[in-house]
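Novice: I'd like to go over a predicted model; first the sequence, then the structure.
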Amino acid sequence: MPYTVWTNGNYTISTDRNHLDLQTIYNYLHFESYWAKGIPMDVLEKSVAGSALCFGIYKGNPSESPTKQIGFARVISDLATFAWLADVFVLPEYRGQGLSKWLVGVIVQHPELQGLRRFMLATNDAHGLYEKYGFVPMDQPERFMQIAPGTSVYQV
């Protein structure tokens with residue numbers, strides 16, 4: 001899939017995986033996030049490789065010169081019926097500039113993510129951000145099930 005690039009002033013969002021700084025992503029998710037704290041680097045690498053789309057936010061344009069990655073998000077999807085938005089963050093020192101709003105707006109408008117039956121995410125504290133882009137609480141949460149760590153009893 002060809003990658004796409006968006007610019008906003010001195011910032012760039014790109015889906016080119018070659019520009020991703022896995023160490024920056026790892027440092028934030030492993031040490032600072034509430035949802036992936038302690039994630040091993042090999043699990044992060046596998047999650048990025050298995051995602052349909054990854055979005056890096058950079059100060060500057062990574063196609064033109066060395067830049068600093070300042071944010072990230074990934075979408076797990078079949079690009080036809082279902083998508084899950086995950087690991088969305090902007091580094092603390094770059095917050096308050098509208099970058100997370102720009103990132104989510106770019107993601108929900110991405111051409112490969114149009115016409116899905118369901119686009120989901122989970123958040124502990126950013127409901128207001130996602131609501132601006134059409135995300136709403138599940139209307140029938142009783143339909144959804146999960147296998148959480150330590151709860152599976154399935155045996156072959």
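Specialist: Received it, and whenever you're ready, just let me know what you need.
Novice: who's in contact with Tyr94?
Specialist: By C-beta atoms under 8 Å, 6 or more residues apart in numbering, the residues touching Tyr94 are 57, 59, 70-71. Using the backbone N, CA and C atoms, a C-beta is placed for each residue, glycine as well.
Novice: go again using 10 Å as the cut-off
Specialist: Going by C-beta atoms under 10 Å, 6 or more residues apart in numbering, Tyr94 touches 11, 57, 59, 68, 70-71, 100.
Novice: which among these gets closest to His30?
Specialist: Of all the contacts of Tyr94, Gly71 has the smallest distance to His30: 15.9 Å, by C-beta to C-beta.
Novice: and the pLDDT for that closest one?
Specialist: At Gly71, the model reports a pLDDT of 98.
Novice: got the phi and psi for it?
Specialist: Main-chain torsions, Gly71, degrees, to the nearest 10: phi -170, psi 170.
Novice: number of residues surrounding it?
Specialist: For Gly71, the count of nearby residues is 24 (other C-beta atoms under 10 Å).
Novice: could you do Gly50 as well?
Specialist: 9.
Novice: what do you get for the one 10 residues further on?
Specialist: Neighbouring residues of Gly60 were enumerated by other C-beta under 10 Å; the total is 15.
Novice: which residue sits closest to it in space, ignoring its chain neighbours?
Specialist: In space, Gly60 comes closest to Thr67 once its chain neighbours are excluded; the distance is 3.8 Å by C-beta to C-beta, 6 or more residues apart in numbering.
Novice: was I right about the one you found contacting Ile13?
Specialist: No. Thr67 lies out of contact with Ile13 (C-beta atoms under 10 Å); the separation is 11.6 Å.
Novice: so, low pLDDT: which residues of this structure?
Specialist: The chain contains residues with pLDDT under 70 at 1, 151-156.
Novice: residue boundaries of the helices in it?
Specialist: 22-31, 41-49, 99-109, 127-131 (DSSP state H).
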